[in-house]
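Visitor: When you get a sec, could you give me coordinates for this:
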Amino acid sequence: MNAFFKTLTAVLVIAFGVWAEDNVAYIDADGTEKTQNGVTVIDASNIASIGDLTGWYLVSGIITHNATLTVSGEVHIILADNSNLTVTLYGDSEDAGINVLNGMSLTIYAQSADNNMGRLTATGNKNYGTAGIGGSGGSTNGGAITINGGIVTATSRDAGIGSNNGNNRHDVITINGGIVMATSTSGYGIGSVSSEIIINGGTVTATAGYYSGICGTITINGGTVTATGGESGAGIGGGYNGGGGTITINGGTVTATGGSSNGYGGAGIGGGYNGIGGTITINGGMVTATSSGGAGIGGGSISLHIFYGVFMFAVKGIFDGKSITTEDPVPVAEKYAVAITFLYPVKEKPQNENIEKNIIKFREKHNKNSFIKHLKKSLAEGKNFGFNVQEVIDGNESEKNKQIRHELEKNAWAAHVADNGVKWKT
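Guide: I've put the predicted structure just below:
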């Protein structure tokens, strides 16, 4: 039904063809129908005169707009039945399709929950680090976004809905209803590392080109959620080198697929490539989480190039003096030399206390991924640990090098080189 038949016909003409209506109906977050007075009508005849948004708006009819709409206050947009607002950025603009400024808020409503729901399509400039709905280019934080209804499609390079930059903070993103499709070509579908995402209902599809489908501190209480990570990201959780953070699922139907490239990638739910799983709590709902490059639920694949085709893995395992038993799987797609780093000690202490102290310093100073990064550098340079990894790889290891390496291996402290991902040298 057209918006003009759902509202009173009393109209106040303001200026430049922009007017306001009273008793405009909309569906609130709890599913109840409410009305609002003093709602500014946006249609094809006046959209060119509207730039900065503040207050209440009703989208009426079919509208195409090739400039950003900036949320510079507390903004409420009602999508009239059968309306369709398309905002697309081109050229040199570094703005989001709908730019939600830091400290401001945008709430989107529909007038029905059926096939007549209004549509909003926002596309940021794909040539710059922008969002479809959220932050613009540069190191800027974004405001709060709430979607209660409508068919909302948001696409851009860095985020479909959320921050223009994965490390920027974005206020809470809440989805209570509607059909929401968020896609990024190289960033996150919804959110950012510092975002809070709450999904209470609706049908939500989040797709990433490179990082994760949904990223941040995430709570899913209901709805139907489908999240797909890019080649280095989790479906829900971390992107490249990113941990899963805090993820809580209390209800709904959730399907999360981790992205992968060449057999390595993110978890379905949890860490991205090289990322730990984080804190994942599932209290209810129907959850399907899969990945070809990482865990279904947990961490992403954690292989790291050291040099000359050698990989390092952070895994749990025990070396009993004769052989190594790994307690975690070691995902090796091809036959490479593999350096295994055990991150916890056994009861017996090394005879060389200096080596022990150096490793403990590494452990205390760095988290799991950072530990591997710095240990990799030290191994490559032969520092602190007193043996030369390259000698092992080249097959011309000195007796002194063997003694030091075996001392480390005996106590499950540091790296052991294998000739492939299955058979371990002793």
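Visitor: which residues are contacting whichever strand or helix holds residue 58?
Guide: In the assignment (DSSP states H and E), residue 58 maps to strand 52-59. Contact partners of strand 52-59, identified using C-beta atoms under 8 Å, 6 or more residues apart in numbering, comprise 3, 7, 21, 24, 36, 38-43, 69-80, 83, 85, 106, 118, 120. From N, CA and C alone the C-beta is placed, and that goes for glycine too.
Visitor: ok, of the residues you listed, which come out buried?
Guide: 3, 7, 21, 24, 36, 39-43, 69-72, 75-80, 83, 85, 106, 118, 120 (16 or more other C-beta atoms under 10 Å).
Visitor: before we move on, back to that, following element in sequence after the strand holding residue 58, please.
Guide: Per DSSP H and E, the first helix or strand lying C-terminal to strand 52-59 is strand 62-65.
Visitor: average pLDDT for that following strand?
Guide: Averaging pLDDT along strand 62-65 gives 96.
Visitor: Need the contact partners of that strand.
Guide: The contact list for strand 62-65 (C-beta under 8 Å, 6+ apart) reads 42, 43, 44, 47, 48, 83, 84, 85, 86, 87, 88.
Visitor: Could I get the contacting residues of the fourth one?
Guide: The one in question is residue 47. Going by C-beta under 8 Å, 6+ apart, residue 47 touches 63, 65.
Visitor: Endpoint to endpoint, stretch 173-189 covers what distance?
Guide: End-to-end distance of stretch 173-189 (C-alpha to C-alpha, to the nearest Å): 12 Å.
Visitor: count of neighbours near the nearest residue to residue 74 once chain neighbours are set aside?
Guide: Closest residue in space to residue 74, ignoring its immediate chain neighbours: residue 105 at 5.3 Å, by C-beta to C-beta, 6 or more residues apart in numbering. Other residues within reach of residue 105, judged by other C-beta atoms under 10 Å, total 17.
Visitor: show me the contacts for residue 105.
Guide: By C-beta under 8 Å, 6+ apart, the contact list for residue 105 reads 71, 74, 75, 143, 144, 145, 146, 171.
Visitor: let's see 10 Å
Guide: Listed by C-beta atoms under 10 Å, 6 or more residues apart in numbering, the contact partners of residue 105 are 71, 73, 74, 75, 76, 143, 144, 145, 146, 171, 172.
Visitor: With residue 149 instead?
Guide: Residues in contact with residue 149 (C-beta under 10 Å, 6+ apart) are 26-29, 31, 78-79, 108-113, 117-118, 176-180, 201-202.
Visitor: hang on, the earlier thing: out of the contacts of residue 105, flag the one nearest to residue 277.
Guide: Of all the contacts of residue 105, residue 277 sits closest to residue 172, with 23.6 Å by C-beta to C-beta.
Visitor: What values do phi and psi take at the closest one?
Guide: For residue 172, the backbone dihedrals (degrees, to the nearest 10) come out as phi -60, psi 130.
Visitor: Next one: the closest residue to it other than its chain neighbours from residue 163, what distance?
Guide: Spatial nearest neighbour of residue 172, chain neighbours left out: residue 196 (4.7 Å); criterion: C-beta to C-beta, 6+ apart. Applying C-beta to C-beta, to the nearest Å, the value for residue 196 to residue 163 is 12 Å.
Visitor: just residue 292 next, same as before
Guide: With C-beta to C-beta as the criterion, residue 292 and residue 163 are 28 Å apart.
Visitor: So between those two, which is more surrounded?
Guide: Using other C-beta under 10 Å as the criterion, residue 292 and residue 163 rank with residue 163 on top: 32 against 14.
Visitor: check which helix or strand covers residue 182.
Guide: Following DSSP H and E, one finds residue 182 within strand 179-184.
Visitor: Could you list every helix and strand in contact with that strand?
Guide: Packing contacts for strand 179-184, counted by 3 or more C-beta pairs under 10 Å, 6 or more residues apart in numbering; DSSP states H and E, involve strand 119-123, strand 131-134, strand 144-147, strand 151-156, strand 159-162, strand 188-199, strand 203-207, strand 224-228.
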